[in-house]
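Novice: This is a predicted model, with the sequence first.
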Amino acid sequence: MTSTALAAALADIDTVFNGFASPTETGCERCYGPEEIAYLRTPYTRVPADLVRRFVFESPGHFEDHPAVMRRLLPQTAHAMADGSLDGIGWAWHGLSRVDWRAWPPRQAGAVEAFVLAWWDDTLTNPEPPYPVHDVFETCAMILDDMTPLLDRFRDGPAVEAHLVSCAKDWLYHLITDGSPWLWWIQDDEGSAVAALRSWLAAHAPARLRACGEADLAVQAELLALPYDERWAHPYWTSPSDTN
C-alpha cells in the first residue's frame, strides 16, 4: 500500500507535469516508428506502458529534446516506479539521471526531488518492496546525484533493518575490495561516492548489523575504516565467526 507521503508526491507530479509534451520531437527513426514518437508530441494522452519503459531508459541522443521527453513522461513514469511496473529499475540508466532537472523551474524540480525521496522512504518501510532495495537506492542516488539523504533515511524499524542487511550484503561484496557496488553511476565523482558509502557503513552499520544477528557483516563493515592493506591483514580473515 502506497504511503501517504508517496501518494501526495505522486499527486504533485501529476499536477505539475500535467499536459507537458515535446512539441517538435522527431526521435530516432531507426528505433521508433512515427506513431510511437507522436505520443511525445501529444499532451494529455497515455503512452503505452512498454513504450514508457523504452523511452525512460533510452539514451538521450535518441531524442531532439530529452529533458522535454522526460517531463512528458514523468507522471506515468513516477506511478510505474511507485507500483513496481517500470521494468528496468536496476538494469539500465534511468532517464531522470541524465537530465539537469534541478535547473528546471523550482516547482518542477521540487516535485521531482520530493517524489524520489518519498519513493525511497516508501521502499524502506515496505517489508516486501517491488524492487530490490539496493536497486532503488542506486536509482535514487543517480537521480539525486547525492546519496546522503538516502543514507540518512536508514532509520530504526524492522523493515528498515532487514533492508540494511540486504544492502550491506550487496555493497560489502564490492566495497571490501574498494570496488564500486553500482552499475549505472555516471557522475564524475564515483570514487568519492564509493568512499563516502564505505565511511558511512563503517561508522553506522556495525552495531545495527550485530543487533540483526549479522556478526560477519558487522566486522566487514568495520574493516572498511582501515586502509586497504590493513583491512586484508586483519585476523578476521583467518578466524571468522562460525556464521561466515
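Specialist: In hand now; what should we look at? In this text the structure is predicted, and so the values were computed from the model without any measurement. Numbering: from 1, shown residues only.
Novice: which stretches of the protein form helices?
Specialist: Along the chain, counting by DSSP state H, helices occupy 4-16, 34-41, 49-56, 66-83, 106-125, 133-144, 148-151, 158-175, 190-204, 206-211, 215-223, 228-233.
Novice: Indicate which one of those helices is closest to Trp182.
Specialist: Ranking these by proximity to Trp182 (Cβ to Cβ) places helix 133-144 first, at 5.2 Å. Heads up, the C-betas are built off the backbone N, CA and C, glycines and all.
Novice: Quick one: residues in contact with the closest one.
Specialist: Here helix 133-144 makes contact (Cβ atoms under 8 Å, 6 or more residues apart in numbering) with 81, 89-91, 93-94, 96-97, 101, 112-113, 116-117, 119-120, 123-124, 129, 147, 150, 163, 166-167, 170-171, 181-187, 193.
Novice: Buried among these? Need that as a selection in PyMOL.
Specialist: Remark: buried members of the contacts of helix 133-144, expressed as a PyMOL selection using 16 or more other Cβ atoms under 10 Å:
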select buried, resi 81+89+93+94+96+97+101+112+113+116+117+119+120+123+124+129+147+150+163+167+170+171+181+182+184+185+193
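Novice: Let's have the helices of the chain in CSV, adding distance to Gly27.
Specialist: CSV is the format used below for these (distance: least, Cβ to Cβ, whole Å):
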stretch, distance to Gly27
helix 4-16, 23
helix 34-41, 4
helix 49-56, 9
helix 66-83, 8
helix 106-125, 22
helix 133-144, 23
helix 148-151, 33
helix 158-175, 36
helix 190-204, 30
helix 206-211, 47
helix 215-223, 46
helix 228-233, 47
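Novice: how far away is the closest residue to His79 other than its chain neighbours from Tyr236?
Specialist: Nearest non-adjacent residue to His79, counting by Cβ to Cβ, 6 or more residues apart in numbering: Leu10, 6.0 Å away. In this view, Leu10 and Tyr236 are 45 Å apart by Cβ to Cβ, to the nearest Å.
Novice: Have a look at the two and say which one is more surrounded.
Specialist: Leu10 (22 against 16; other Cβ atoms under 10 Å).
Novice: middle-most residue in the protein, spatially?
Specialist: Nearest to the mean C-alpha position of the chain, by Cα atoms, centre = their mean, lies Thr139 at 1.9 Å.
Novice: quick one on the thing from earlier: point out the one among the helices of the chain that comes closest to Pro23.
Specialist: Nearest to Pro23, of those and by Cβ to Cβ, is helix 34-41 at 5.7 Å.
Novice: Just want the angle from the closest one to helix 66-83.
Specialist: Relative orientation of helix 34-41 with respect to helix 66-83: 90 degrees, computed using axes from the mean of the first three to the mean of the last three Cα atoms, to 10 degrees.
Novice: Any stretches of the protein with poor pLDDT?
Specialist: 1, 184-189, 240-244 (pLDDT under 70).
Novice: do that again at 50, thanks
Specialist: Applying pLDDT under 50 to the chain picks out residues 243-244.
Novice: quick one: which of the helices of the chain is nearest Ser22?
Specialist: For the helices of the chain, the distance to Ser22 is smallest for helix 66-83, at 3.7 Å, taking Cβ to Cβ.
Novice: how about Leu224, what does it touch?
Specialist: So Leu224 contacts 172, 175-176, 198-199, 201-202, 231 (Cβ under 8 Å, 6+ apart).
Novice: could you measure His62 against Trp171, distance?
Specialist: 32 Å.
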